[in-house]
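Colleague: 3D, please:
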Amino acid sequence: MKKITTMALSFILTFGSSSLVLADQITLKNGDRITGKIVKKDGDKIVIETESAGVIAVLWAAVDKVASDAPLNLELADGQTIKGTVATVDSRLEVETIDAGKVVVEREKVTTARNEAEQAKFIAERDRMLNPSFGDLWTGSADVGYSLTTGNSKTQAFTAGIRAARETVKDKITVYANAVQASNSTTGVSVTTAKALWFGGRYDYNINRKLFVFGSGDFEIDSPQLLDLRMVFGGGIGYRAIRNERTQLDLFGGAAYNREYFQTGLKRSSAELTIGNELKHRLNKRMKVSQRFVGYPNLSEFGRFRAQFDASLLTDINGWLGWHITVADRFNSDPVLGAEKNDLLLSTGLRVNFGRANK
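Modeller: This is a model prediction of the structure:
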């Protein structure tokens with residue numbers, strides 16, 4: 001009996017020790033050890049899934065040693081990929097591959113590392129980006145806002161907007177629409193103080209990672225400006241100035257054709273330059289700002305100038321719902337008689353995000 005008990009205890013200890021040895025392990029520079037399953041290393045963090053503490057993200061700079069029992073897929077700074085179990089030897093990573101045996105790489109040259117499950121997700125997403133159907137990859141948001149006053153003043157205002165984009169490694173399609181309706185009935189007669197609709201879209205084709213060419217179409221209806229319809233068709237070239245986890249900045253320029261129809265019967269056409277920028281910046285985990293400016297210096301009649309400016313501050317409530325504050329401005333240096341040069345809109349309300357997680 002004693003012999004059986006001893007054998008059982010020996011088996012448990014051996015099995016338990018094997019389990020610990022077979023688990024992936026990260027040793028930090030302060031001596032702490034984290035045991036579990038390495039999920040991925042992406043950017044400046046490495047993610048490990050533990051049994052007791054769940055998923056933990058650790059700064060890559062704080063890691064002293066890495067040991068993986070299961071194969072990892074490593075991508076190096078020069079684009080080379082290596083697959084195998086990983087161990088740290090003399091501050092370098094030693095990868096035990098099936099085909100090439102042991103390969104030693106400098107740890108600072110490792111840009112990404114993924115376990116088999118994460119690698120499968122990455123390949124599937126990459127293939128989806130390279131060969132998507134038209135219905136794939138759409139992301140966007142829809143805004144709505146409403147205000148009402150009664151009593152001494154009787155006003156109401158409604159704003160709505162939608163923006164969607166479909167981006168692949170080759171190109172990007174963006175469509176948008178914004179509407180505002182406001183009225184004042186304090187005097188007993190309802191007077192429309194704002195009634196406008198802006199909509200359009202743009203197609204970008206990537207020349208390389210930084211440069212792209214684009215074609216766009218924008219349409220505008222604005223009753224207080226006596227504008228029945230403005231159609232602007234343009235194209236040009238753009239430059240992706242900043243691309244990182246927190247900030248995206250595009251600069252673009254080109255030329256456009258503008259055709260306008262006014263309620264007074266006036267019709268006019270003109271050629272315009274197009275100069276603008278688009279910015280997205282995440283302030284923190286819950287807040288982000290977006291801004292877009294386009295200026296249209298007139299080439300047919302020097303001195304005339306139009307400009308469009310839009311900016312939003314969004315606070316996430318959860319993964320799909322947020323609260324926005326939006327400023328929109330439309331400037332025309334040469335409006336028709338009876339119309340103002342500038343229209344400014346400030347709105348706030350709910351924003352619903354759809355599609356893949358927005359950046």
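Colleague: show the pLDDT at residue 4.
Modeller: Residue 4 is assigned a pLDDT of 46 by the prediction.
Colleague: I meant to write residue 157 there.
Modeller: So, for residue 157, pLDDT stands at 86.
Colleague: now for it: which residues touch it?
Modeller: With contact taken as Cβ atoms under 8 Å, 6 or more residues apart in numbering, residue 157 is in contact with 145-148, 180-183, 194, 347. Every C-beta, even on glycine, is put in place using the N, C-alpha and C of the backbone.
Colleague: does residue 170 really touch residue 207, like I thought?
Modeller: No - counting by Cβ atoms under 8 Å, residue 170 stays clear of residue 207, with 10.4 Å between them.
Colleague: on that earlier part again, what subset of the contacts of residue 157 is buried?
Modeller: 145, 180-182, 194, 347 (16 or more other Cβ atoms under 10 Å).
Colleague: among these, which are in strands?
Modeller: 145, 180-182, 194, 347 (DSSP state E).
Colleague: and those as TSV, adding distance to residue 297?
Modeller: Shown next, in TSV, are these (distance: Cβ to Cβ, whole Å):
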residue	distance to residue 297
145	32
180	26
181	31
182	30
194	27
347	28
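Colleague: ok, those residues vs residue 323, which is closest?
Modeller: residue 145 (10.1 Å; Cβ to Cβ).
Colleague: okay, now the residue lying closest to that closest one once chain neighbours are set aside: neighbour count?
Modeller: The shortest distance from residue 145 to any residue other than its chain neighbours is 3.0 Å, reached at residue 349 (Cβ to Cβ, 6 or more residues apart in numbering). The number of residues packed near residue 349 is 17, by other Cβ atoms under 10 Å.
Colleague: and what about residue 127, helix, strand or coil?
Modeller: helix (DSSP: H, G, I helix; E, B strand; the rest coil).
Colleague: helices of the stretch 51-200 of the chain, residue ranges please.
Modeller: Taking DSSP state H, counting those that start in this stretch to define them, one finds helices in the stretch 51-200 of the chain at 116-130.
Colleague: low pLDDT regions in it?
Modeller: Per-residue confidence for the stretch 51-200 of the chain (pLDDT under 70) gives these ranges: 129.
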